[in-house]
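> Below are the sequence and a predicted model for it; my questions follow.
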Amino acid sequence: MKPEREGIVFQALLLIHIPVACLFTAVSGQSDSSSSVVVAGYNVSAPAGSRVVLQCVSGRMVWTRDRLRDRQRVVHWDMYRARPDYAMERVLDMFSAGDQRIYNSYNQGRVGLTPRAFRDGNFSLVIKDVTMNDRGLYSCNLHHLYCNLYETVRVQLNVTKSRRKQQRFWDGHKAVYVVLLGSTVVLPCINRRNVWTDWSNEEEDQQVVHWDRQTQGVRHNRGDRLVDLYASGEQRSYGTLFLQRKMNISNQAFSEGDFSLSISDLQYTDQGMYSCHLHHHYCGLHERREFQVTVEAPVIQTTLPAKALPSEDKDTSKAESPRVINVILPDQRHHFLMPLGYVLTSFLLLAFIILIIILMTRRRRTKEFNPQSSMRSSRSHSSSEEFEMDVAEVSACSREERRLDYKNNLLKEKVHTSTQPKVIDLDKEMQKFSK
């Protein structure tokens, strides 16, 4: 008996524990989903007594409520044919408050969605009497125009004539369905998130913006609440009347998407961390922007004494005091000549460089266009050498002629001067003559 009782008690505790655990999981999930995520952080410094604006702008929080509501959510199925034309074809589409529209007349009554798709979250495509022409890559596309959400599910459909080849598997990127020819197939596309299945009539109550301020060491969820603003137009300010007048948000915040907080007459007590929380519970938007505000010393502005305006009825009998203009001259007189000397030196150096460049270019041009001078110099050198050779030859010839004349004269003297022959050694005489 005791083991049976213990077993019954254990089962009862287990049955009680399961719902409690599920409830705790749901609550923790809601708290985690509502927790905001920091998307930006800023450091703001401003002098005391000034006015500072903490910028908090988000286009996704603009309240554009659609009265028709039939084109806020839409689902459409497309098919991509691999062969033979490789074309994309729209199968059908359906709006959240409208009937489904089938694009090909051949699919009328054969292809469709359940009418409760946007209530149940089941957007699966039903194809009856499958043919070979139904093969291809199908995509289920969910669009939420209000929340700017886009989701896609892809399914590959293949058709076979053998029952043994029917199968369903995942290839790593998409689901693949191999079905029998002539059968009925359901291509899955299920999304039961509230954003696709629920449309609240009190949409403005699901959009809220609030500002908090926390001192150092305090978490953002433990800070002091400054102001709350709802899309319905309701605004709640916290703290004293002085703080409510000092810190405010524009009344057109949700129509413009500008939730900036303005703080007037900034004081040292206003320092700290300010947080701008944006919550759109319907679309699942939870963002937070943080601002570290530092107050600096006030700016001291020097005030000039007021000058009396000249009166129209002046007393002409009084002599006007002379107006004196004070001109302050620098102590050093050469403060203007030094930069002038630098400028003149630079100009002279530049002119010298330009002159050198001009002379070099002119000399090069003269060498290129007057090559006769070099030819003349070479010719003069060769002519001088030839002239030296000619002078040497002329001197040798004159010596030979003189020798011949001398021999002739000796012969004549031998014939005419004496009757007795006298032997004369011509060689000796010639040597004497040469000496």
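The structure has been received and is ready for your questions.

> For L157, which residues are in contact?
I127, V130, D134, R135, G136, L137, Y138, Y177, V179, V185, L187 (CB atoms under 8 Å, 6 or more residues apart in numbering). For every residue, glycine as well, the C-beta is placed using N, CA and C.

> next one: A40
R289, E290.

> before we move on, back to that, just the closest of the contacts of L157 to R403, please.
Here the nearest of the contacts of L157 to R403, counting by CB to CB, is L137; it sits at 128.0 Å.

> Show the low-confidence segments of the stretch 151-300 of the chain, by residue range.
198-205, 220 (pLDDT under 70).

> err, the stretch 1-150 of the chain, not the other one
1-35, 64-71.

> show me where it has helices.
Counting by DSSP state H, counting those that start in this stretch, the stretch 1-150 of the chain has helices at residues 2-34, 117-120.

> packing partners for the shortest one?
Same thing as helix 117-120. In terms of contacts (3 or more CB pairs under 8 Å, 6 or more residues apart in numbering; DSSP states H and E), helix 117-120 is packed against strand 73-80, helix 194-197.

> mind listing what whichever helix or strand comes after the shortest one pairs with, with the direction of each?
Using DSSP states H and E, the helix or strand that follows helix 194-197 in sequence is strand 207-214. Strands adjacent to strand 207-214 in the sheet, as given by DSSP bridges, are strand 224-230 (antiparallel), strand 272-280 (antiparallel).

> Pull out the buried positions in strand 207-214.
Q207, V208, V209, H210, W211, D212, R213, Q214 (16 or more other CB atoms under 10 Å).

> and V44, how many neighbours does it have?
For V44, the neighbour count with other CB atoms under 10 Å is 16.

> what does E400 give?
Close neighbours of E400, defined as other CB under 10 Å, add up to 9.

> quick revisit: which one of the helices and strands packed on helix 117-120 is the most hemmed in?
Ranked by mean neighbour count, the helices and strands packed on helix 117-120 are led by strand 73-80 with a mean of 20 (mean count of other CB atoms under 10 Å).

> who touches it?
86-96, 113, 117-118, 123, 125, 136-146, 187, 189, 196, 199.

> Same question for stretch 277-291.
33-44, 54, 56, 58, 60-61, 144, 146-149, 194-195, 200, 203, 206-212, 220, 259, 273-276.

> mind checking how far N148 is from E400?
Look at N148 and E400: by CB to CB, to the nearest Å, they are 127 Å apart.

> go on, L187?
Where E400 is concerned, L187 sits at a distance of 133 Å (CB to CB).

> so where's the stretch 301-435 of the chain uncertain?
301-337, 369-397, 412-435.

> Now with 90, please.
301-345, 347, 362-435 (pLDDT under 90).

> In terms of helices and strands, where is K367?
Using DSSP H and E, K367 maps to helix 337-369.

> Okay, buried residues for that helix please.
Buried positions in helix 337-369, judged by neighbour count with 16+ other CB under 10 Å: none.

> again with stretch 231-241
A231, S237.

> Output it as CSV - backbone C-alpha positions only.
Taking Å, rounded to 0.1, in the frame of the first residue of the first chain, the C-alpha atoms of stretch 231-241 are listed here in CSV:
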residue,chain,number,x,y,z
ALA,A,231,0.9,56.4,-29.4
SER,A,232,-2.6,57.3,-28.3
GLY,A,233,-1.4,60.7,-27.3
GLU,A,234,-1.3,60.1,-23.5
GLN,A,235,1.7,61.5,-21.7
ARG,A,236,2.7,61.0,-18.1
SER,A,237,5.3,63.0,-16.4
TYR,A,238,6.9,62.0,-13.0
GLY,A,239,8.6,63.9,-10.3
THR,A,240,8.0,67.4,-9.0
LEU,A,241,6.2,70.1,-11.0
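
> who's in contact with it?
63, 203-208, 224-229, 243-244, 247-249, 251, 254.

> which of those are buried?
63, 203-204, 207-208, 226-229, 243, 247-249, 254.

> and the two most separated of the residues you listed?
Greatest spacing in these, by CB to CB: E203 and L243 (30.6 Å).

> out of the strands paired with strand 207-214, nearest to M360?
Closest approach to M360 among the strands paired with strand 207-214 (CB to CB): strand 272-280, 73.5 Å.

> does S398 belong to a helix or a strand, and which?
Secondary structure (DSSP H and E) places S398 in helix 372-417.

> Ok, S183 next?
Using DSSP H and E, no helix or strand contains S183.

> mind checking the backbone torsions on it?
phi -90, psi -180 (degrees, to the nearest 10).

> Start the count at 6 instead of 1 going forward.
Let's use 6 as the start, then, which means that last one is S188.

> neighbours around it, how many?
S188 has 13 neighbours, counted by other CB under 10 Å.

> repeat for T189
Counted with other CB under 10 Å, T189 comes out at 12.

> that older thread, mind listing which of the contacts of strand 78-85 are in strands?
For the contacts of strand 78-85, the ones inside strands are 93-100, 130, 141-149, 192, with DSSP state E as the criterion.

> Give me the helices and strands touching the helix or strand hosting Y182, please.
When elements are assigned from DSSP H and E, Y182 belongs to strand 180-185. Where contact means 3+ CB pairs under 8 Å, 6+ apart, strand 180-185 is packed against strand 154-165, strand 172-175, strand 190-192.

> Return a ChimeraX selection command for the buried portion of the contacts of strand 78-85.
The following ChimeraX line selects those of these that are buried, judged by 16+ other CB under 10 Å:
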select :96,97,98,99,100,101,118,122,123,128,130,141,142,143,144,145,146,147,148,149,151,192,194,201,204
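
> State the distance from the nearest residue to W201 once chain neighbours are set aside to S255.
Residue nearest to W201 in three dimensions, not counting chain neighbours: G126, with 5.8 Å by CB to CB, 6 or more residues apart in numbering. Computed as CB to CB, the G126 to S255 distance reads 38 Å.

> ditto for R369
79 Å.

> what about L248, which SS state?
When classified by DSSP: H, G, I helix; E, B strand; the rest coil, L248 comes out as helix.

> Now do the contacts for it.
Contacts of L248 by CB under 8 Å, 6+ apart are L231, S242.

> Now Q240. Its backbone dihedrals?
phi -130, psi 130.

> Looking at strand pairing, list the partners for it.
Following DSSP bridges, Q240 is listed with bridge partners L234.

> thinking again about what came up before, adding distance to S55, write the buried ones among the contacts of stretch 236-246 out as JSON lines.
Listed next are those as JSON lines, based on distance: CB to CB, whole Å:
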{"residue": "W68", "distance to S55": "32"}
{"residue": "E208", "distance to S55": "39"}
{"residue": "E209", "distance to S55": "35"}
{"residue": "Q212", "distance to S55": "32"}
{"residue": "V213", "distance to S55": "30"}
{"residue": "L231", "distance to S55": "19"}
{"residue": "V232", "distance to S55": "20"}
{"residue": "D233", "distance to S55": "26"}
{"residue": "L234", "distance to S55": "24"}
{"residue": "L248", "distance to S55": "17"}
{"residue": "M252", "distance to S55": "14"}
{"residue": "N253", "distance to S55": "16"}
{"residue": "I254", "distance to S55": "19"}
{"residue": "F259", "distance to S55": "28"}
